[in-house]
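**Q** have a look at this prediction, sequence included:
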Amino acid sequence: MTENQPIFYWYTLSPLDVWMFRDAKPFSPGERAWAGSQFPPPSATIVGAIRSIVSQANLTLMGPFLCRQEELYFPRPIGYYKSHPLVPPEWRSSHDQTSNDQQSRNQPNDNCQRSTYLYARYPDNRPGALVRQTDPTTQKNRPRRCGEEDLDDEEDGNEPDRRPYRDWLPSSVMLKYLKSGAINSEDWLVSEHRPDEKEPWTEEVRPHNSLEPGTRQVKQEGGYFVETAVRLKEGWSLAIGVDSHTHQLLIKNDYGLPLAIRLGGEGHRAILRRAEQLDAVWLALKQQSETNFKDSQGKRAIAYLATPGVFERKHNGVATCRPWPWEWKLRRSASDGTLAGVATAKPVPIAGRIRGKADDQPNASPSIPAPQVFAAAPGSQYYLEQPDRLFAETETNSRANRWRQLGYSELLWIPYQEPPLPQQA
């Protein structure tokens, strides 16, 4: 771990009832009938709950993550199709060229051997599509040739008795991924002993009606709206890490631990508990990630986004967000660029709050809604020719670093493993 990275002390938040976390879209019962939800909740919601216990202006948070027993659960890496890794075309072109050269000795006139993705064109200011990284040493995993039907092996089949794929990977699988750069096919499947890994929570739609006094008619203004509640399944909780100073304040609070705190809307509560076993789990992940970062200097590496990534920068006075860090230049648009590809999904809108000043109350600091920020989805992957630090990690007095203190933009570094070359006949 780097010198600037704090050591985190982990806690769990277990629900006493359902939770309600509204999304970042503004909502008022008189203007909208449906209140959207967001789960896991944004870090700002967790920070607000912690600050209700300890009187501390600034704190450093990590998470939240899903947790079950002694394992953290991470969003599945987006750069995969089922259990098959995806890579930028440039990372596979040299490998396929070697394969094509070997195959051309037997079929020199077969023009269908060339991969079609080599002819694709994309805008220079956007990352290109990703292609499946296949293992050409096996017949069923080799790239499909021109005019050939799709190969449906048992892994891509839809047998009714087949176990579903995980949307959340346990920390034990993530640690193996960090060490080897690959995820075994079996690790992608939901455990037979833990079927709730597929859906750790359920959603409950709850309508609200307000009637006119003395009548049975719904009010015209804000009389009807619908909210979505989240109910975690038994044994599941949220896990957060806090810095050492916040940890000392929590264990020395006037009420002791475990402690019931308010979390989410309508006064719903959670039990805050110390989870010492998670300290070692997170430390092992971060130490392996840092080792990968150092060992991959001058080599290709993959950055896995564990929490929503806020990559914001002002252009002509306007704050702009995009799915990858501004400090990483695209390789296709710059000769010194290191970013070869991006695997991401729909952005996550985040609505925070800022402290303002009231004209009629100079000494007051009311909390007002902040402009929306669109964060990169957790689980996103970034393919770099060599690893590079984020601006938020090196500049401590920046707006980007304040986002990092809230737990956003946390990267884990994965070593890139090249597929083996085909054996020459």
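**A** Sure thing, it's come through.

**Q** helix/strand/coil for the residue lying closest to N125 once chain neighbours are set aside?
**A** Spatially, and ignoring its direct neighbours in sequence, N125 is nearest to S333 (5.6 Å; CB to CB, 6 or more residues apart in numbering). C-beta: built from backbone N, CA, C; applies to glycine. Under DSSP: H, G, I helix; E, B strand; the rest coil, S333 falls in the coil class.

**Q** phi, psi of S333?
**A** Listed backbone geometry of S333 is phi -110, psi -10, with angles given as degrees, to the nearest 10.

**Q** tell me the spacing between it and W403.
**A** 25 Å (CB to CB, to the nearest Å).

**Q** more neighbours: those two, which one.
**A** Taking neighbours as other CB atoms under 10 Å, S333 and W403 compare with W403 leading, 22 against 13.

**Q** that one contacts P308, correct?
**A** No. Using CB atoms under 8 Å, W403 makes no contact with P308, being 9.5 Å away.

**Q** what sits in contact with each of these two?
**A** Residues touching both W403 and P308 by CB atoms under 8 Å, 6 or more residues apart in numbering: S409.

**Q** report how many residues lie close to S191.
**A** The tally of other residues near S191 (other CB under 10 Å) stands at 14.

**Q** Three-state assignment for it, please.
**A** Going by three-state DSSP: S191 is coil.

**Q** for it, which non-adjacent residue is spatially closest?
**A** Nearest to S191 is E197, by CB to CB, 6+ apart, at 6.0 Å.

**Q** separation between that neighbour and N253?
**A** 34 Å.

**Q** neighbour count winner among the two?
**A** Per other CB under 10 Å, whichever of E197 and N253 has more neighbours is E197, with 22 against 12.

**Q** checking F293 next. Helix, strand or coil?
**A** Secondary structure state of F293, per three-state DSSP, is helix.

**Q** how close does it sit to Q287?
**A** 11 Å.

**Q** these two: which has the busier surroundings?
**A** Between F293 and Q287, counting by other CB under 10 Å, F293 is the more crowded of the two (20 against 12).

**Q** tell me the contacts of that one?
**A** 301, 387, 413.

**Q** ok, of those residues, which one's closest to G265?
**A** W413 (36.7 Å; CB to CB).

**Q** helices and strands around the strand or helix carrying that closest one, which ones?
**A** If you go by DSSP states H and E, W413 is part of strand 411-415. Packing partners of strand 411-415 (3 or more CB pairs under 8 Å, 6 or more residues apart in numbering; DSSP states H and E): helix 171-180, helix 277-295, strand 301-305.

**Q** export the ones you listed to TSV and append columns for distance to R121.
**A** Output for the helices and strands packed on strand 411-415, formatted as TSV (distance: least, CB to CB, whole Å):
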stretch	distance to R121
helix 171-180	33
helix 277-295	33
strand 301-305	24
